[in-house]
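In: predicted model and sequence follow; I will ask about them next.
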Amino acid sequence: MKRYEGRYVAQVIIDFDIPVTDSMLPFEKVKHNIQKELTGQLRELICNEVRGENGMRVEVIQQYADLVEVDADE
C-alpha cells in the first residue's frame with residue numbers, strides 16, 4: 001500500500017498593538033490568555049481544519065509569548 005508521509009513546520013508570528021478600552025478584560029487576564037491559552041487555541045483551530053484527514057497529526061509548539069502594557073504616549 002502506498003503512503004504519503006511528510007512534515008509541515010510553521011512559525012506563527014502575531015504582533016499585538018491593541019488600543020485599551022473600558023470594556024476589555026483586565027491586562028493580566030489578556031496577558032494570561034496570550035501566554036497560556038493561544039497555543040492551544042491555534043492547535044484546535046488547525047485540528048478542526050484537517051479533521052478527518054487520515055495520517056495527519058497536528059503539533060503546535062510555543063516558542064515564546066509575552067505581552068506588556070504601555071502608556072499611549074509611548
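Out: In hand now; what should we look at? Note that the structure is a prediction, hence the values are computed from the model and not measured. Numbers count the residues shown, from 1 in each chain.
In: show the contacting residues for H32.
Out: H32 makes contact with no residue, according to CB atoms under 8 Å, 6 or more residues apart in numbering. C-beta: built from backbone N, CA, C; applies to glycine.
In: could you look up the SS state of it?
Out: helix (DSSP: H, G, I helix; E, B strand; the rest coil).
In: and it, how far from D66?
Out: Between H32 and D66 the distance is 12 Å, computed by CB to CB, to the nearest Å.
In: who's in contact with stretch 50-68?
Out: Applying CB under 8 Å, 6+ apart, the external contacts of stretch 50-68 come out as 3-5, 11, 16, 27, 30-31, 34-35, 38-40, 42-43, 46-47.
In: and that stretch, end to end?
Out: For stretch 50-68, the first-to-last residue distance is 34 Å (CA to CA, to the nearest Å).
In: ok, now stretch 28-43?
Out: Span of stretch 28-43 from end to end, CA to CA: 23 Å.
In: gap between it and the chain center?
Out: Distance of stretch 28-43 from its chain centroid, counting by CA atoms, centre = their mean, to the nearest Å, is 7 Å.
In: could you do stretch 23-43 as well?
Out: Worked out by CA atoms, centre = their mean, stretch 23-43 lies 9 Å from the chain centre.
In: show me which residues of it are buried.
Out: Judged by neighbour count (16 or more other CB atoms under 10 Å), stretch 23-43 contains these buried residues: V30, K31, T39.
In: residue ranges with poor pLDDT in this structure?
Out: 52-53, 74 (pLDDT under 70).
In: distance check, V70 against I18.
Out: Counting by CB to CB, the gap from V70 to I18 is 11 Å.
In: brain fart, Y8
Out: Applying CB to CB, the value for Y8 to I18 is 30 Å.
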